[in-house]
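K.L.:
based on what follows, work out the 3D shape:
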Amino acid sequence: MTAEPPPERVVARLRPHARRLVRPAVFVVLVALAGGFGFGVFRAQLAWLNAVVAGLTVLLVVLGGLVPLLRWMSERYVVTTRRLVVVHGLGTRTRRELLHSRGYDVTVRRRGLQGVWRSGDVLVFPGDEPPVVLGDVPHADLVVAVLHDLVEAHEARRRHREPDWDEIVGGPSRPAWGDPGH
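P.N.:
Reported below is the predicted structural model:
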C-alpha cells in the first residue's frame with residue numbers, strides 16, 4: 001500500500017514588482033494636468049479644440065496608463081507544492097506549468113536598480129525546454145530558495161517511496177558483487 005502524496009497547496013502568488021507602474025502613473029498625472037490646462041485655455045474660444053484636447057487626453061491616458069496596468073495585471077506566477085505556474089498575456093493567455101518532480105535549475109539575474117529593491121528576474125531552466133523567466137519578481141532570492149527547497153523536498157519524497165536499485169535487481173537478500181560470499 002503506497003502512501004498518497006500530500007495535497008497540493010499554494011505556497012506563493014506573485015506578480016512583477018509594482019514599481020513598473022510608477023512611470024505610467026506619472027505619465028497619467030502629467031497628461032491629465034496638460035489636458036486640464038489645454039481645456040481651460042480653449043474654454044470659450046474654440047469649442048472644437050476643446051473636444052480634440054479632451055479626446056487626445058483620454059487616448060493618452062488609456063494608452064499610457066491603462067494598457068501598462070492591464071499588462072502588469074495579466075502577468076502572474078503561482079508556486080505550489082507540486083508545480084510552478086506562469087500565466088501571462090492580454091489578448092491571448094499563455095499558461096505554462098513546470099512540475100517540481102521533473103527538476104530544474106534556477107538562477108537570479110539582476111539588471112539596473114533591481115538590486116536596490118531586492119527584486120530580479122528568476123530564470124528557471126527545465127532541461128531541454130526553453131527557460132521560463134519570472135520577470136522582475138520581488139524578493140527574488142527568497143523565491144529561488146523556495147523553488148530549490150520544493151524541488152529537493154519532492155526528490156527526497158520520491159527517493160523515500162521508490163525502491164533502491166539493489167532491491168530492483170536482486171532483492172534485499174542477495175549479496176552485493178563485492179561480498180566474499182558471492
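
K.L.:
alpha carbons only for contacts and neighbour counts from here, please
P.N.:
Will do.

K.L.:
buried set for the longest helix belonging to the chain?
P.N.:
The longest helix of the chain (DSSP state H) is helix 140-161. Residues of helix 140-161 classed as buried: Ala140, Asp141, Val143, Val144, Val146, Leu147, His148, Leu150, Val151, His154, Glu155 (neighbour count, 16 or more other CA atoms under 10 Å).

K.L.:
would TSV of those residues with pLDDT and distance to Arg111 be doable?
P.N.:
Output for the buried residues of helix 140-161, formatted as TSV (pLDDT from 0 to 100; distance: CA to CA, whole Å):
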residue	pLDDT	distance to Arg111
Ala140	93	12
Asp141	93	14
Val143	94	17
Val144	94	17
Val146	93	22
Leu147	93	21
His148	91	22
Leu150	91	26
Val151	90	26
His154	82	31
Glu155	83	32
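
K.L.:
so where's this structure uncertain?
P.N.:
1-3, 5, 42-45, 161-182 (pLDDT under 70).

K.L.:
how's it carved up into domains?
P.N.:
Domain assignment of the chain by automatic domain parsing yields the ranges 10-16+76-163, 18-72.

K.L.:
what helix or strand is Asp121 located in?
P.N.:
When elements are assigned from DSSP states H and E, Asp121 belongs to strand 119-125.

K.L.:
tell me where this structure has strands.
P.N.:
Residue ranges of the strands in the chain, as given by DSSP state E, are 10-14, 76-80, 83-88, 94-99, 105-109, 119-125, 132-138.

K.L.:
now the longest helix of the chain - C-alpha only, PDB.
P.N.:
C-alpha atoms of helix 140-161 as PDB (Å, rounded to 0.1, in the frame of the first residue of the first chain):
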ATOM      1  CA  ALA A 140      13.900  37.200  -6.000                       C
ATOM      2  CA  ASP A 141      16.400  35.400  -3.700                       C
ATOM      3  CA  LEU A 142      13.600  34.100  -1.500                       C
ATOM      4  CA  VAL A 143      11.700  32.900  -4.500                       C
ATOM      5  CA  VAL A 144      14.800  31.000  -5.700                       C
ATOM      6  CA  ALA A 145      15.300  29.500  -2.200                       C
ATOM      7  CA  VAL A 146      11.700  28.300  -2.100                       C
ATOM      8  CA  LEU A 147      11.900  26.800  -5.500                       C
ATOM      9  CA  HIS A 148      15.100  24.900  -4.600                       C
ATOM     10  CA  ASP A 149      13.500  23.700  -1.400                       C
ATOM     11  CA  LEU A 150      10.400  22.400  -3.200                       C
ATOM     12  CA  VAL A 151      12.400  20.500  -5.800                       C
ATOM     13  CA  GLU A 152      14.600  19.000  -3.100                       C
ATOM     14  CA  ALA A 153      11.600  18.000  -1.000                       C
ATOM     15  CA  HIS A 154      10.000  16.400  -3.900                       C
ATOM     16  CA  GLU A 155      13.200  14.500  -4.700                       C
ATOM     17  CA  ALA A 156      13.500  13.300  -1.100                       C
ATOM     18  CA  ARG A 157       9.900  12.100  -1.100                       C
ATOM     19  CA  ARG A 158      10.500  10.200  -4.400                       C
ATOM     20  CA  ARG A 159      13.700   8.600  -3.000                       C
ATOM     21  CA  HIS A 160      11.800   7.500   0.100                       C
ATOM     22  CA  ARG A 161       9.000   5.900  -1.800                       C
END
